[in-house]
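K.L.:
have a look at this prediction, sequence included:
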Amino acid sequence: MIKFALISMRPKIANKKKNLEIMKNYIIKTNADFFIFGEMSLTGYRCKDELRDLAETINGVSINYLKKIAKNKKCYIIFGMPLFDDEVKGIIHNSAILIQPDGKVDKYDKWFFPNFGPFEEKLFFDGGESVKIIDTKIGKIGLIICYDIFFPELCKAYSLQGADIIICISASPSITRKYFEQIIPARAIENTTFFIYTNLVGTQEDLVFWGGSQAYDPFGNLIIKAPYFKESITLCNIDLNQIKISRANRPVIRDIRPEIYQDLYHYSRKHK
């Protein structure tokens, strides 16, 4: 069994020092293998132009701080932050970071940005281009961020690479809760993977984040759900042996028709 800690965190806007302290307190007080925080948990979501000053590199102070905690605690830590591009100066990504106990750091850059209603992420972030499985001693992990969940091709790309667990870190406000809660179990079922979702909580300017972090098994059964609109740490155990059973009963990975993705490319070009 693998023990996961799903943290519905209330980050302080543009206060990395305080947010690192909050994250540290959650980790040191709890016994778990994986600690998963929400999207932009390092800085808060509504930072806007301050992102340029708050963003760091993959070798920056905040990641190095959490690497020490992961090593001492012998745990994995997943969280969100604004991250400078590895190659092009001035480009910022909305990134999910996975720190392993041995100090190895992996990242995923968000592909899809909401730019409608109260959202304006495209003004500040450049999109990701990689869908790379992260190998850990516990299993194979795929990471996505918030609005990415509405594009099933990303999760399918992970499951076709052998993902055991897909993790979505999120900053979803209350107006979108019903959409997320309908899609989360679907992503688990259609990929026969465990699916873990962690969300921020609290109010940032005009957005009220609903929390409700949750986990589903490969059959789409709810394992655990955190309370709505309340800071919390929610623990659950996962048995990866369930994946073999689910894929025998519903072999969607075996039965995929690769040619459909070529067709989708053409349909998408025509739509454009």
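P.N.:
That came through fine. Residues are numbered from 1 along each chain as shown.

K.L.:
show me where the chain has helices.
P.N.:
Counting by DSSP state H, the chain has helices at residues 16-28, 51-54, 61-73, 152-160, 177-191, 241-249, 259-271.

K.L.:
and Ile92, which of those is closest to it?
P.N.:
Proximity to Ile92 (Cβ to Cβ) singles out helix 51-54 among those, at 5.9 Å. C-beta coordinates here come from the backbone N, C-alpha and C atoms, glycine included.

K.L.:
may I have stretch 147-163 exported as PDB, CA atoms only?
P.N.:
Taking Å, rounded to 0.1, in the frame of the first residue of the first chain, the C-alpha atoms of stretch 147-163 are listed here in PDB:
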ATOM      1  CA  TYR A 147      -7.800  23.000 -17.200                       C
ATOM      2  CA  ASP A 148      -5.700  20.200 -18.700                       C
ATOM      3  CA  ILE A 149      -8.200  17.700 -17.400                       C
ATOM      4  CA  PHE A 150     -10.700  18.800 -20.100                       C
ATOM      5  CA  PHE A 151      -8.400  17.500 -22.800                       C
ATOM      6  CA  PRO A 152      -8.500  13.700 -22.500                       C
ATOM      7  CA  GLU A 153      -5.600  13.200 -25.000                       C
ATOM      8  CA  LEU A 154      -3.100  14.200 -22.300                       C
ATOM      9  CA  CYS A 155      -4.300  11.500 -19.900                       C
ATOM     10  CA  LYS A 156      -4.400   9.000 -22.700                       C
ATOM     11  CA  ALA A 157      -0.800   9.800 -23.600                       C
ATOM     12  CA  TYR A 158       0.200   8.900 -20.100                       C
ATOM     13  CA  SER A 159      -1.800   5.700 -19.900                       C
ATOM     14  CA  LEU A 160      -0.400   4.500 -23.200                       C
ATOM     15  CA  GLN A 161       3.100   5.000 -21.600                       C
ATOM     16  CA  GLY A 162       2.100   2.800 -18.700                       C
ATOM     17  CA  ALA A 163       1.000   5.300 -16.100                       C
END
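
K.L.:
hang on, the earlier thing: turn the helices of the chain into TSV, including mean neighbour count, distance to Lys107 and mean pLDDT.
P.N.:
As requested, the helices of the chain are arranged in TSV below (neighbours: other Cβ atoms under 10 Å; distance: least, Cβ to Cβ, whole Å; pLDDT from 0 to 100):
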stretch	mean neighbour count	distance to Lys107	mean pLDDT
helix 16-28	16	17	98
helix 51-54	15	16	94
helix 61-73	17	9	98
helix 152-160	19	15	96
helix 177-191	18	21	98
helix 241-249	14	25	96
helix 259-271	9	25	80
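
K.L.:
closest to Thr234 out of the ones you listed?
P.N.:
That would be helix 16-28 among these, by Cβ to Cβ, at 11.1 Å.

K.L.:
what's in contact with the closest one?
P.N.:
Applying Cβ atoms under 8 Å, 6 or more residues apart in numbering, the set of residues contacting helix 16-28 from outside is 5, 7, 9-12, 35, 37, 41-44, 54, 62, 65-66, 69, 73, 75, 77, 79, 233.
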